[in-house]
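Engineer: The following block contains a protein sequence and its predicted model.
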Amino acid sequence: MSLVHGTTRGGEAWTPQFIQTLDQKKCIGCGRCFKVCPRNVFTLVERGGDEDDDYDDDDRAMVMAIEDRLDCIGCGACARVCPKGCHSHAAVDDGEIGAVLAQA
């Protein structure tokens with residue numbers, strides 16, 4: 001299979017890198033990725049895992065999560081604004097996209 005490719009406005013070849021994972025252990029919940037994403041790929045959720053019970057219910061730690069990975073357009077804006085480097089991206093092949101579209 002071949003990778004998905006595009007062309008920039010300047011006519012240069014471009015291979016989009018689509019969101020794969022978001023490391024919630026690194027995430028500080030700043031919401032920068034949410035604000036720059038043109039496709040609403042992210043959502044804010046409560047941090048899971050081992051938390052200190054010293055916090056009140058009002059002081060829950062919030063982090064970003066991927067709400068819908070398939071909405072990603074591969075622009076990489078989220079990774080550019082993240083101060084902690086939480087996002088991982090990868091190119092996808094056209095066979096993977098075809099399989100996803102067949103399931104829809």
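Structural biologist: Great, that's in hand. Keep in mind that what you see is a predicted model, and the values were worked out from it rather than measured.

Engineer: hang on, Ala65 is in a strand, isn't it?
Structural biologist: Yes. Under DSSP: H, G, I helix; E, B strand; the rest coil, Ala65 falls within a strand.

Engineer: got the contact list for the residue positioned nearest the centre of the chain?
Structural biologist: By C-alpha atoms, centre = their mean, the chain has its centre lying nearest to Ile19, at 4.5 Å. Residues in contact with Ile19, defined by C-beta atoms under 8 Å, 6 or more residues apart in numbering, are Val41, Ile66, Arg69, Cys72, Cys78, His87, Ser88, His89. No exception for glycine: its C-beta is placed from N, CA and C like everyone else's.

Engineer: Touching, the first one and Gly74? I think so.
Structural biologist: It stands for Val41. No. Under the criterion of C-beta atoms under 8 Å, Val41 makes no contact with Gly74, lying 10.6 Å away.

Engineer: Compare the two (neighbour count), which wins?
Structural biologist: Val41 (23 against 16; other C-beta atoms under 10 Å).

Engineer: Relative to Arg69, how far out is that one?
Structural biologist: 7 Å (C-beta to C-beta, to the nearest Å).

Engineer: and what of Cys30?
Structural biologist: For Cys30 relative to Arg69 (C-beta to C-beta), the value is 20 Å.

Engineer: Which one's more surrounded, these two?
Structural biologist: Taking other C-beta under 10 Å, Cys30 and Arg69 do not tie; Cys30 has more neighbours (16 against 13).

Engineer: which element is that one on?
Structural biologist: Using DSSP states H and E, Cys30 sits in no helix or strand.
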